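Engineer: this one's structure only:
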């Protein structure tokens, strides 16, 4: 009940400003453009390949996933940093709310806003389906993977936002951190194969990739759940630091 | 209602509050007076459950703030210093949020919000965004969010700072109207504020209590000094000589004079008696007594005196 009230307040703040509308618009414009051009190139040059499978895999990882990685920091940067800068966090910390409830409300509200983003992308498979019906079941895995990846990015951004009062610092640090987890295995020649396997376990890109193929692997689900849990735990510790640091 | 015993709060190597004990009875308005950085805000943050004390015990309505943090927070309304609220929410939206979080039952929520907005004079700005309000209105919203759930204890950190004189009068009468049914602890660094609103006062400096008194007692202490300003129409040299000869006056200092009027600042430990002697002397010499005014003591003066008397007591 109290958490729900907090979620509604968060949503009211999101939709009071232009940020959501601008970013949703830009995101759908970018993914829509890439949907059209990528599909076009697969159809033109992709003879002999399993067009649909390769296309969707490419599209989810390189376009939807990567664009989310870019826009998530824009939304998570204000979550706690803004409240600390304004001083409103002092109200929340003295209202009958547990730290965990405050954190959960912020996490869930941000996730809800992004589900609006993702709902927009359902249009792309719908268009292809209208032209040529296909088996939609791999999309369960693709969207589950996207949501888990999204939630991981938000958890990471929430943590970084709890460390600073500056939104610019919060968004740039979140972006760098998310990008690092994304490209960590990209330069395969730089490390030995043992290291590559180890780094592969840490890479959001590698784990997201198998979802994009249309496969739900428990290993990948566990990875993202642990990723989210780790950053939420760190966020709670960071919120508690006011007990000994004295700053809000 | 509020019991504080041996409260200590450390931040790293810094001791912000160094062993403070006091209690506030139900329905009382207690003032916490001290200069900036003296530990007022830290004490209030411990009371409101913002952070736990390093040592000592604080209970509100019999509940320990550390063990029963949420229950304590439900009983407290808190107005933080420099109230900056959510600028992108409207007044009504924000108060609705506060009422929901603080557990005002949904059936009576709307009526309660209307009632509080009425009491705080916010009805006409209900749909405005908080960011667009003047500082006085924002302060009222701050008080409205603090009282929305009918708390038994109100903690107000510098409630009148940064307001213009009319707004200050409004806020003070609003606070006084809440007294009686609600226990109020308010902090300030403005001396007259205490005597106008509070029944009892605690004076703190460097994280410890240096005096505790009733508002009347404090006012008496302040008048017990001190300086009187007098404007006398008479020959300058004769006036000064004559006043300096009075046994009741410890010191007579001359202010820059204007055509035929001598302005003096007279210091004496025997306030009213000194003023009586002074006026009698002026009358008996046949000069004109244009003004006799006790000079109010500033917080700085009070501190210097209190700290000095504490040192003397220690020595």
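Structural biologist: Here it is on my side, so go on. Here the structure is a predicted model, which means the values were calculated and not measured. Numbers count the residues shown, from 1 in each chain, chains lettered A, B, ... in the order given.
Engineer: what residues of stretch B:68-77 count as buried?
Structural biologist: Neighbour counts using 16 or more other CB atoms under 10 Å in any protein chain shown place B:68, B:69, B:72, B:73, B:74, B:75, B:76, B:77 of stretch B:68-77 among the buried residues. In short, each C-beta sits where N, CA and C put it, glycine included.
Engineer: what about it, near chain A?
Structural biologist: Yes. Remark: stretch B:68-77 sits within contact range of chain A at B:70, B:71, B:73, B:74, B:76, by CB under 8 Å from any CB of the partner chain.
Engineer: okay, and the closest residue to residue B:51 other than its chain neighbours sits in which element?
Structural biologist: The spatial neighbour of residue B:51 that comes closest, neighbours along the chain excluded (CB to CB, 6 or more residues apart in numbering or on different chains), is residue A:243 at 4.6 Å. Here residue A:243 sits within helix A:242-245, counting by DSSP states H and E.
Engineer: distance from the chain centre to that helix, please.
Structural biologist: Centroid separation for helix A:242-245 versus its chain: 30 Å, with CA atoms, centre = their mean, to the nearest Å.
Engineer: same question, stretch B:93-108
Structural biologist: The answer for stretch B:93-108 is 30 Å, by CA atoms, centre = their mean.
Engineer: list of residues touching that stretch?
Structural biologist: Contact partners of stretch B:93-108, identified using CB atoms under 8 Å, 6 or more residues apart in numbering or on different chains, comprise A:1-2, A:5-6, A:8-9, A:12, A:95-97, B:74, B:85-86, B:89, B:109, B:112-113, B:116-117, B:130, B:141, B:144-145, B:148-149.
Engineer: on that earlier part again, in helices, which of the buried residues of stretch B:68-77 appear?
Structural biologist: Using DSSP state H, the subset of these located in helices is B:69, B:72, B:73, B:74, B:75.
Engineer: in chain A, what residue spans correspond to helices?
Structural biologist: Going by DSSP H, chain A shows helices at A:2-16, A:19-45, A:51-58, A:66-76, A:81-86, A:89-94, A:99-121, A:123-131, A:138-163, A:167-183, A:193-202, A:204-212, A:218-240, A:242-245.
Engineer: so for residue B:274, which of those helices sits nearest?
Structural biologist: Nearest of the helices of chain A to residue B:274, taken as CB to CB: helix A:89-94 at 48.0 Å.
Engineer: how does chain B divide up, domain by domain?
Structural biologist: Per automatic domain parsing, the domain ranges recorded for chain B read B:2-222, B:226-294.
Engineer: will you turn the ones you listed into a markdown table that also has distance to residue A:77?
Structural biologist: Converted to a markdown table, those look like this (distance: least, CB to CB, whole Å):
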| stretch | distance to residue A:77 |
| --- | --- |
| domain B:2-222 | 16 |
| domain B:226-294 | 55 |
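Engineer: looking at the ones you listed, which is nearest to residue A:168?
Structural biologist: domain B:2-222 (18.7 Å).
Engineer: where in the chain is pLDDT low?
Structural biologist: Reading this off chain A. A:47-49, A:51, A:246-248 (pLDDT under 70).
Engineer: can you look at chain B instead?
Structural biologist: Using pLDDT under 70, chain B drops low at B:179-180, B:219-226, B:271, B:296-301, B:303, B:305, B:307-315.
Engineer: all helices of it, in order?
Structural biologist: Using DSSP H, the helices assigned to chain B run over residues B:40-47, B:69-75, B:91-101, B:106-119, B:135-147, B:165-178, B:191-197, B:215-223, B:236-244, B:271-284, B:299-314.
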